[in-house]
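# Pasted the sequence and its predicted model underneath.
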Amino acid sequence: MKSISFEEIKEKPFLSRKETAFYLGVHVNTLDRAGLPCTKVGRRKLYSRILLDQWLESNSKGGNQ
């Protein structure tokens, strides 16, 4: 099985569930509970890396907000 590299993920516009979990640093099962934006293609869920970044920005707490 090929390992996932963060550099490869940063170049991809859409991520699989496994890649998304790696990108966010969570378990794959957490993705369904998080309410992340995704697109279904057949039985697969794909996650837009740009929308994930926007979701993270808008759902972050603390800091200078």
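Perfect, thanks for sending it.

# Quick one: residues contacting the residue lying closest to R17 once chain neighbours are set aside.
Leaving aside its chain neighbours, R17 sits nearest to V28 (5.4 Å; criterion: C-beta to C-beta, 6 or more residues apart in numbering). C-beta coordinates here come from the backbone N, C-alpha and C atoms, glycine included. Contact analysis of V28 by C-beta atoms under 8 Å, 6 or more residues apart in numbering lists R17, K18, A21.

# before we move on, what about I4?
Contacts of I4 by C-beta under 8 Å, 6+ apart are K18, E19, F22.

# in which helix or strand would I find the second one?
With elements taken from DSSP states H and E, the one containing E19 is helix 17-24.

# list the buried ones in that helix?
Within helix 17-24, the residues that count as buried by 16 or more other C-beta atoms under 10 Å are R17, E19, T20, A21, F22, Y23, L24.

# ok, so of these, who is nearest K45?
Nearest to K45 among these is R17, at 5.8 Å by C-beta to C-beta.

# Test my guess that the closest one contacts R43.
No. Counting by C-beta atoms under 8 Å, R43 is not a contact partner of R17; they are 11.2 Å apart.

# which residues does the closest residue to I50 other than its chain neighbours contact?
Distances taken as C-beta to C-beta, 6+ apart place P13 nearest to I50, at 7.2 Å, with adjacent residues excluded. By C-beta under 8 Å, 6+ apart, P13 lies in contact with S48, R49, I50.
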